[in-house]
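Asker: Take a look and give me a structure for this.
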Amino acid sequence: MSHAAKGSDVKVHYTGRLDDGTVFDTSKDRDPLSFTLGEGQVISGFENAVEGMGEGESKEARIPAEEAYGERREELILSVPREQFPDEVEPEVGQRLQMQTQEGEVVPVMVADVEEDVVRLDANHPLAGRDLTFDIEVVEVE
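Answerer: Model (predicted):
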């Protein structure tokens, strides 16, 4: 039986949960997730959990925030003057938008707060600061 090691192409089924049991993502009813171990295509804690697993093997892995999407960073909360929004955009708390950096990179953000003159945008990953638990089943190792 093959075991996952750095450089292995792996296919896994997974279900990701928060501490309160809320499922935030799953590959059930979809094709398994495919990635090359050690290439940084998935969060580091997930890679570490899969390394050494064999085909057909399953386990539960708890991944601390620092090995998942990192801690929340206050410097990623941006205050944007309301007049910088296009007229057709009416910002609402929880709304997901995209910003473009000066370098042309597109960054997903979420509206965190709306005031009369200012809109606060949160560029943290939605799962930043959260410990995650994954049920992982290795389907294939090449």
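
Asker: Please make it C-alpha for all contacts and neighbour counts, starting now.
Answerer: Fine.

Asker: what packs against the least confident helix or strand in the chain by mean pLDDT?
Answerer: When each helix and strand of the chain is scored by mean pLDDT, DSSP states H and E, strand 96-100 comes last, with a mean of 93. Using 3 or more CA pairs under 8 Å, 6 or more residues apart in numbering; DSSP states H and E, the elements in contact with strand 96-100 are strand 106-114.

Asker: re the thing from before, in its sheet, which strands sit next to the least confident helix or strand of the chain, and in what direction?
Answerer: strand 106-114 (antiparallel) (DSSP bridges).

Asker: Output the strand it pairs with in PDB, but only the C-alpha positions, please.
Answerer: Provided in PDB are the C-alpha atoms of strand 106-114 (Å, rounded to 0.1, in the frame of the first residue of the first chain):
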ATOM      1  CA  VAL A 106      -7.700  41.000  -6.800                       C
ATOM      2  CA  VAL A 107      -8.400  40.600  -3.000                       C
ATOM      3  CA  PRO A 108     -11.700  39.200  -1.700                       C
ATOM      4  CA  VAL A 109     -13.100  41.300   1.200                       C
ATOM      5  CA  MET A 110     -16.200  41.300   3.400                       C
ATOM      6  CA  VAL A 111     -18.100  44.300   4.500                       C
ATOM      7  CA  ALA A 112     -17.600  44.400   8.300                       C
ATOM      8  CA  ASP A 113     -19.300  47.800   9.100                       C
ATOM      9  CA  VAL A 114     -21.100  50.500   7.300                       C
END
